[in-house]
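>>> The following block contains a protein sequence and its predicted model.
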Amino acid sequence: MNYSQELVKELQLKAIQVRANILEMIPPGKVGHLGGSSSIADVMAALYFHTMKVNKDDPKDPSRDRLIMSKGHAVLVQYACLAELGYFDRSELGKVKTFEGILQGHPDMDKTPGIEAVTGSLGQGLSVSLGVALGLALDKSESRVYTILGDGELAEGTGVGGRDGSLGVQGEQPYRIRGLERRAGDQHDRRDLPDREPGGEVEGVRLECH
């Protein structure tokens, strides 16, 4: 797919601002996952400011796309994007990991608008995302679910189980996952998973390691 140079430049500038927001949340003397958050800034900028359907005025809009930050320790990059979109006041960036703020060290869907799942236990995000995607499919929703995973958690048992074992549901209307793509560095392995009985599909599940 071809993208205009204007769009590419716009998203590059957004990614720069996202990284600046991350630095604002980790001032000198404060601890945070700078590398893990900053490394995914370009992908997150493309998702939030171009690809995904989002609604800052109604964070629970049923037609929204969902993003599950499985590597929850890198949630600062998600906060940075949500702040740019106007989900909450930018002053919250200066209150990360405090009792007074709504932005904690790991995603909290009860406290932070725009967060879809409580994550941080490595390897669980993919299974959560598959469950959300299957639920949306059962509701005949056109919303998409995106999942950000770290490289290390792909070796976790729950991550492997989510990839290889939780790819269908039992019942009268089983679903199948198509187009699972796993990327790690410059290597990628694309596979079409075994088909199940007709009844529905969840398409385009993509794993990104950063």
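Yep, it's here.
>>> can you pull out the strands in the chain?
Ranges of strands in the chain, per DSSP state E, are 66-69, 145-149, 176-178, 180-184, 187-191, 201-203, 206-209.
>>> Now do the contacts for Val96.
If you count contacts by C-beta atoms under 8 Å, 6 or more residues apart in numbering, Val96 has them with 25-26, 32, 76, 79, 103-105. Glycine gets a C-beta too; all of them are placed from N, C-alpha and C.
>>> one more time with 10 Å, if that's ok
Contacts of Val96 were listed using C-beta atoms under 10 Å, 6 or more residues apart in numbering, and they are 22, 24-27, 30, 32, 75-76, 79, 102-105.
>>> Can you say which two of those residues are spatially most distant?
Pro27 and Ile102 (18.4 Å; C-beta to C-beta).
>>> Between the two, tell me which one has more neighbours.
Ile102 (18 against 10; other C-beta atoms under 10 Å).
>>> Look up the pLDDT of the closest residue in space to the more buried one that isn't next to it in sequence for me, please.
Closest residue in space to Ile102, ignoring its immediate chain neighbours: Lys111 at 4.8 Å, by C-beta to C-beta, 6 or more residues apart in numbering. What the model reports for Lys111 is a pLDDT of 93.
>>> How about Ser37?
So, for Ser37, pLDDT stands at 91.
>>> State the distance from it to Gly105.
11 Å (C-beta to C-beta, to the nearest Å).
>>> go on, Leu13?
Separation of Leu13 from Gly105 (C-beta to C-beta) stands at 28 Å.
>>> and these two? which has more neighbours close in?
Per other C-beta under 10 Å, whichever of Leu13 and Gly105 has more neighbours is Gly105, with 15 against 12.
>>> Which helix runs longest in the chain?
Longest helix of the chain, by residue count under DSSP state H: helix 5-25.
>>> Which residues does that one contact?
Helix 5-25 is contacted from outside by 3-4, 32-34, 37-51, 74, 76-84, 90, 92-97, 101, 103, using C-beta under 10 Å, 6+ apart.
>>> So what's the gap between it and the chain middle?
Its chain's average C-alpha position is 17 Å from that of helix 5-25, according to C-alpha atoms, centre = their mean, to the nearest Å.
>>> mind listing what's buried in that helix?
Within helix 5-25, the residues scored as buried using 16 or more other C-beta atoms under 10 Å are 11, 14-15, 17-19, 21-23, 25.
>>> Where does pLDDT dip in the protein?
Within the chain, the stretches with pLDDT under 70 are 1, 28-29, 157-210.
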